[in-house]
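In: model the structure of this input:
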Amino acid sequence: MVKPLVRAALAASLLVFFAGCEQKPAETAATAPAAAATPDAAILASVQSIKQGDIAGLMQNALPPADFAKAKADWGKDKDQEPITEEQRTQFNETMAKLTAPDAEQKLFAEIEPKLKEFDAQYQQQLPMYAMAGAGWVKNMIQQNQTMSEAERTQAVAAVDALQAWVVKTRFTDAESIKKVIAIVAKAARDMNLKSLDEARALSYDQSMQKARIAFIGLKDALAVYGFSIDQTLDSIKPQVLSNDGKTASVQLSYTLLGAPLTATTEMVNVDGRWYGKQTIEKLKEKAAEQSAAPAAAAPQVETAPAAEPKQG
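Out: Numbers count the residues shown, from 1 in each chain. Sure thing, here's the model as predicted:
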């Protein structure tokens, strides 16, 4: 119970920290360009999109229209590369049956409750050590990241420190909190309404985005039980355009994460009148170059037969 929650918290905070420059809110395609017409407008639109759990909107605004259309068309093409095993099917069915049963909340808590005191005693003693080790590992990755400036590294480390402090002071094994989280997870499982792992694998892009929204809203609600409000963090984001020459822009984001005031700077580029994350566009170009080079490299080399020697007369 505890480890998944900690991992979820870290993932959620990183989403807030790095996702501010590339997405849009739930809106029609006709109004999307207006939302991304300026760098700060694009960021504020992305904030609302994350807050609403609009995963489809996030993906759409992260990519230029042609790239988004291709990504959507390619959705699920590799779903059969790793066949589902019977063990995976059985595990999925058992888990979903537990989570969606009419009395799931009561049964799941009854299953967990006998282990709480023992786990709580051990967990509370070891938590600071685990939190320090995990934070140290993340900080080391940050320091080794050559794409970040020194200022960006400093702010990223400060965000990790805020998370570490929250993890240490939070009692994830509190019985009432666990009851609330179980109820949130059970509701999300029922709302997803997935009958089998094969059904989940066969979801279309639009269906997958709908399920992703349910999962993300559930995650936000579960974290809020433990005092981590993603919405409060999102509401605190204030973008300030530092420079904008019409083609590229640098934007500073000020925000508060778990009570810690932080800033981050993101670089953006203008593509056909809309603003996107600079790194996203660069990666798209790299991928396109790799794909165009691949057919040439894979083309078979045609060997020419040696010229016939002239016959001796």
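
In: pretty sure K77 belongs to a strand, no?
Out: No: using DSSP: H, G, I helix; E, B strand; the rest coil, the secondary structure at K77 is coil, not a strand.

In: so which residues of the stretch 151-300 of the chain form helices?
Out: Secondary structure of the stretch 151-300 of the chain (DSSP state H, counting those that start in this stretch): helices located at 175-192, 197-201, 205-225, 230-235, 278-298.

In: report the distance from the shortest one to the chain centre.
Out: The offset between the C-alpha centroid of helix 197-201 and the centroid of the whole chain comes to 21 Å, using Cα atoms, centre = their mean, to the nearest Å.

In: and that helix, what does it pack onto?
Out: The contact analysis (3 or more Cβ pairs under 8 Å, 6 or more residues apart in numbering; DSSP states H and E) places helix 197-201 against helix 86-100. All C-beta atoms are positioned from the backbone trio N, CA, C, and that covers glycine.

In: quick one: the helix or strand following the helix it packs on to helix 86-100, angle?
Out: The helix or strand immediately downstream of helix 86-100 is helix 104-144, counting by DSSP states H and E. Counting by axes from the mean of the first three to the mean of the last three Cα atoms, to 10 degrees, helix 104-144 lies at 120 degrees to helix 86-100.

In: packing partners of helix 104-144?
Out: Under the contact rule (3+ Cβ pairs under 8 Å, 6+ apart), helix 104-144 is packed against helix 2-18, helix 86-100, helix 150-169, helix 175-192.

In: quick check: mean pLDDT of it?
Out: Across helix 104-144, the average pLDDT comes to 88.

In: now do that helix against helix 150-169, angle only.
Out: 150 degrees.

In: what angle do helix 104-144 and helix 175-192 make?
Out: Going by the same axes, to 10 degrees, helix 104-144 makes 90 degrees with helix 175-192.

In: now for A165: which residues touch it?
Out: By Cβ atoms under 8 Å, 6 or more residues apart in numbering, the contact list for A165 reads L258.

In: would you confirm that A188 contacts R213?
Out: No: the pair A188 and R213 fails to qualify as a contact (Cβ atoms under 8 Å) at a distance of 10.2 Å.
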